[in-house]
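> Here's my sequence, what's the structure:
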Amino acid sequence: MKFAVPAALFLSLTATSALSQIQPMPLSPATPIAAPKDIPYPGGTIRLTVDATDLAHHIFRAHETIPVATSGPMTLLYPQWLPGHHSPGGPISMFSGLIIHAGKQRIEWTRDPVEMFAFHINVPEGTKTIDADFQYDSPVTTGEGRIMMTPVMLSLEWNTIALYPAGYFSRDVQFEPSAKLPHGWKFGTALETASTSGDTTTFKAVSFNTLVDSPMIAGANFERLDLDPNGIAPVHFDIVADKPNQILVKSEQLAVHRALIQQAYKLFGSHHYDHYDFLVSLSDKLGGIGLEHHQSSEDGTIPRYFLDWDSTAPARGVMSHELTHSWNGKFRRPADLWTPNFNVPMRDSLLWVYEGQTQYWGIVLAARSGLVSKQDSLDQIALIAATYDHYAGREWKSLADTTNDPIVASRRPIPWRSWERSEDYYNEGLLTWLDADTLIREKSGGQHSLDDFAHTFFGVNDGSFVTDTYTFDDIVSTLNGVEADDWAKFLHARLEDHAPGAPLDGLARGGYRLVYTDAESEFQKDNEKIRKNTDLSFSLGLIIDKDNTATDVYWDSSAFKAGMTVGMKIVAVDGDAFDTTALKDAIRWSQAKKVPIELLVEDNKQFRTIRIDYHGGLRYPHLEPIAGVPPRLDDILTAKI
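Below is the predicted model:
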């Protein structure tokens with residue numbers, strides 16, 4: 001005989017039965033990783049030897065001898081969070097061949113299943129040192145990453161080829177590094193030489209912090225130039241190049257780079273290094289780079305930087321930008337970007353100061369030193385202002401949120417940069433600091449400026465290169481010390497604003513307005529030549545590379561609305577074989593006759609026709625003086641005496 005069970009009772013019994021079963025719970029870490037402590041590593045100095053001679057395979061080979069104070073569990077870390085990268089970008093996937101020994105006994109390692117940059121080992125009883133052999137298999141093709149070896153030059157970044165013990169601040173772990181280079185090559189680095197034997201150079205022992213912050217460039221074609229003879233601290237250009245003639249530097253070119261150093265000293269009123277080296281690579285084979293370090297910078301630029309001097313202004317900003325970082329970013333650093341070692345996560349909330357103000361001073365110092373002409377500087381600012389004035393992404397994503405992009409996107413290319421927004425804290429940050437500078441100048445009647453902020457904020461502890469951290473409140477307090485205002489409100493408004501168009505108050509207060517004509521500035525022409533593209537951002541909303549492929553399509557632009565997408569290759573324009581001159585002619589014709597521009601495009605091996613209904617003609621940005629407004633921007637770009 002069957003009895004019916006009421007539905008409510010059935011559900012109650014089912015729920016009770018389910019609750020009575022054991023539910024899953026998270027596992028604890030299999031092997032804990034010691035948190036960093038600010039105590040000296042008790043084992044002593046670690047010796048790291050790198051063989052950088054395998055140019056054919058792009059492989060750096062390392063041997064590391066690690067003294068140990070005790071036996072038992074030990075964790076070795078591969079650097080993950082790197083200053084200047086602002087992201088967990090340590091190239092762990094290219095770290096290979098790890099074999100560890102204690103004497104003749106091999107020690108097996110286990111990668112942590114959660115923290116993939118950590119390797120757990122068990123040190124045998126009585127062991128005094130362990131030896132680790134491994135390689136860094138640097139990229140062979142650009143699709144794998146930045147090329148770091150070519151037949152005539154290399155870039156050695158120590159973080160790519162080193163392990164260090166967990167449980168200690170990285171400043172408390174000492175390394176004695178050495179490097180073997182191809183025969184006859186010369187090198188540049190901020191490290192100081194201890195000895196040389198054949199092709200191997202051993203450097204003086206330094207903290208792991210300093211080692212990671214002191215990369216090396218080396219090459220067959222090398223030149224070292226003195227940028228500050230008899231100065232307060234030695235400053236040098238260490239140049240490697242694809243060809244010997246590319247390192248020939250004319251006296252007037254050397255003079256403006258020397259002036260850059262002097263203008264920086266006049267701006268900041270201090271220096272924060274014992275010596276400084278620009279590690280300059282002139283190459284289209286070694287991967288380009290601009291990366292700051294405290295006593296050096298990696299400045300990868302075009303091979304004909306000096307040879308084509310009259311048209312290389314857009315490539316020169318890397319020098320002034322990275323030099324500025326010695327003060328802003330390396331000496332003074334946001335408190336949430338400072339970490340005790342290279343495996344503790346960073347927070348990027350103040351990158352609009354770290355990078356944004358550095359971008360601002362980079363342009364200002366380039367102009368003041370004569371590294372870039374005043375007109376080129378104005379045209380560069382016009383191009384930046386126009387770009388952000390056309391970025392639709394400001395409608396939904398604040399400038400403040402773009403500081404998370406190095407972590408969110410890991411600096412990978414994105415399809416809709418003008419909508420998704422990438423690292424806009426650089427150049428929109430620049431516009432914010434121009435706004436602040438001109439406001440200070442206006443309110444003070446020209447008696448004060450952002451120069452006073454720089455001198456006060458970055459000029460403390462002259463000669464020290466011990467990192468000094470800061471917060472948002474420190475920024476506000478220093479600005480108020482220069483010229484009283486509600487600076488917290490000012491900054492929050494610009495960091496959190498969603499209004500359409502770029503923040504251009506600084507331009508207007510500086511005595512200029514953004515305008516467009518059908519003629520490119522010389523700066524934009526040179527920029528396109530260097531980048532090998534055609535920039536139609538402010539007309540069609542389109543940038544095309546040398547292969548006639550769209551590399552950027554502005555969100556909601558005429559090209560976007562017509563169906564253009566990044567990656568499409570333009571085959572024909574208005575029925576004729578495509579070239580950029582024909583496209584520009586079509587833009588002019590569409591303006592005169594109000595007819596669509598017809599493009600035949602190849603999209604993923606399929607062909608289709610796209611008609612762009614745009615009739616505004618060619619539009620290129622320029623700055624036009626505003627009558628009756630003091631030319632404060634001119635004053636900003638003028639050299640300090």
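> Mind listing residues that contact stretch 544-555?
Defining contact as CB atoms under 8 Å, 6 or more residues apart in numbering, one finds that stretch 544-555 is touched by 390-393, 416-419, 532-534, 536-537, 541-543, 559-560, 564-571, 578-580, 583. Placement of C-beta: from N, CA and C, glycine included.
> actually stretch 464-481, not the one I typed
Contacts for stretch 464-481 (CB under 8 Å, 6+ apart): 272-274, 294-295, 330-335, 338, 349-350, 353, 436, 440, 453, 456-457, 460-461, 485, 487-488, 491.
> With stretch 39-51 instead?
Contacting residues not belonging to stretch 39-51 are listed as 60-70, 156, 158, 161-162, 164-165, 168-169, 172-180, 200, 205, 211 [CB under 8 Å, 6+ apart].
> Strands - which of those land there?
60-67, 156, 164-165, 174-180, 200 (DSSP state E).
> which of those are buried?
The neighbour-count test (16 or more other CB atoms under 10 Å) marks 60-62, 64, 66-67, 156, 164-165, 174-180 as buried among the ones in strands among the contacts of stretch 39-51.
> mind listing what residue 530 touches?
For residue 530, the contact set (CB under 8 Å, 6+ apart) comprises 302, 312, 314-315.
> cool, and residue 573?
When contacts are counted by CB under 8 Å, 6+ apart, residue 573 touches 582-583, 586, 597-600.
> Just among these, which is most surrounded?
For the contacts of residue 573, the largest neighbour count, defined by other CB atoms under 10 Å, is 26 neighbours, found at residue 599.
> quick one, phi psi at that one?
phi -120, psi 130 (degrees, to the nearest 10).
> tell me, how many neighbours does the nearest residue to it once chain neighbours are set aside end up with?
Counting by CB to CB, 6 or more residues apart in numbering, residue 610 is the residue found nearest to residue 599 once chain neighbours are left out, at 4.8 Å. Burial measure for residue 610: 18 neighbouring residues, criterion other CB under 10 Å.
> Ok, residue 484 next?
Here the neighbour count serves as a burial measure; for residue 484 (other CB under 10 Å) it reads 10.
> per-residue confidence at it?
Residue 484 is assigned 97 on the pLDDT scale.
> Wait, a helix at it?
No: judged by DSSP: H, G, I helix; E, B strand; the rest coil, residue 484 forms no part of a helix; its state is coil.
> quick one, helices of the stretch 451-600 of the chain?
472-482, 487-496, 505-509, 522-531, 558-562, 580-593 (DSSP state H, counting those that start in this stretch).
> What are the buried residues along stretch 329-345?
So, applying 16+ other CB under 10 Å, buried residues of stretch 329-345: 329-334, 337, 339-343.
> tell me which of the buried ones among the ones in strands among the contacts of stretch 39-51 is nearest to residue 496?
Using CB to CB, residue 164 is the member of these that sits closest to residue 496, with 39.1 Å.
> List the residues that contact that closest one.
Residues near residue 164 by CB under 8 Å, 6+ apart: 46, 76-77, 79, 170, 173, 175, 208, 341-342.
> let's go with 6 Å and repeat that
Under the criterion of CB atoms under 6 Å, 6 or more residues apart in numbering, the contact partners of residue 164 comprise 77, 173, 208.
> I figured the first one was touching residue 341, is that so?
So the one you mean is residue 77. No: at 7.2 Å, residue 77 and residue 341 do not qualify as touching, with contact defined as CB atoms under 6 Å.
> number of nearby residues for the closest residue to residue 328 other than its chain neighbours?
Distances taken as CB to CB, 6+ apart put residue 358 closest to residue 328, at 4.9 Å, once the chain neighbours are dropped. Here the number of neighbours of residue 358 (other CB under 10 Å) works out to 25.
> which residues does residue 358 contact?
Residue 358 is in contact with 321, 324-325, 328, counting by CB under 6 Å, 6+ apart.
> Remind me which helix or strand it belongs to.
Assigned by DSSP states H and E, residue 358 belongs to helix 356-369.
> Could I get the CA-only coordinates of that helix as PDB?
C-alpha atoms of helix 356-369 as PDB (Å, rounded to 0.1, in the frame of the first residue of the first chain):
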ATOM      1  CA  GLY A 356      51.000  61.200 -15.900                       C
ATOM      2  CA  GLN A 357      53.200  63.900 -14.300                       C
ATOM      3  CA  THR A 358      56.300  62.200 -15.700                       C
ATOM      4  CA  GLN A 359      54.700  62.400 -19.200                       C
ATOM      5  CA  TYR A 360      54.100  66.100 -18.600                       C
ATOM      6  CA  TRP A 361      57.600  66.800 -17.400                       C
ATOM      7  CA  GLY A 362      59.000  64.700 -20.200                       C
ATOM      8  CA  ILE A 363      57.500  67.000 -22.800                       C
ATOM      9  CA  VAL A 364      58.400  70.100 -20.900                       C
ATOM     10  CA  LEU A 365      62.000  69.100 -20.300                       C
ATOM     11  CA  ALA A 366      62.400  68.100 -24.000                       C
ATOM     12  CA  ALA A 367      61.300  71.500 -25.000                       C
ATOM     13  CA  ARG A 368      63.300  73.400 -22.400                       C
ATOM     14  CA  SER A 369      66.500  71.600 -23.400                       C
END
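> what angle sits between that helix and helix 472-482?
Regarding helix 356-369 and helix 472-482, their directions subtend 40 degrees when assessed with axes from the mean of the first three to the mean of the last three CA atoms, to 10 degrees.
> Next SSE downstream of helix 356-369?
helix 374-389.
> ok, which stretches of the stretch 251-400 of the chain are helices?
Ranges of helices within the stretch 251-400 of the chain are 251-268, 317-324, 351-354, 356-369, 374-389, 399-402, based on DSSP H, counting those that start in this stretch.
> on that earlier part again, which among the contacts of residue 164 gets closest to residue 253?
Distances from the contacts of residue 164 to residue 253 were compared by CB to CB; the smallest belongs to residue 208, at 36.7 Å.
> surely that closest one meets residue 171?
No: here residue 208 lies out of contact with residue 171, judged by CB under 6 Å, at a distance of 7.3 Å.
> When these two are compared, which one has more neighbours?
It is residue 208, of residue 208 and residue 171, that has more neighbours when counted by other CB under 10 Å, with 28 against 18.
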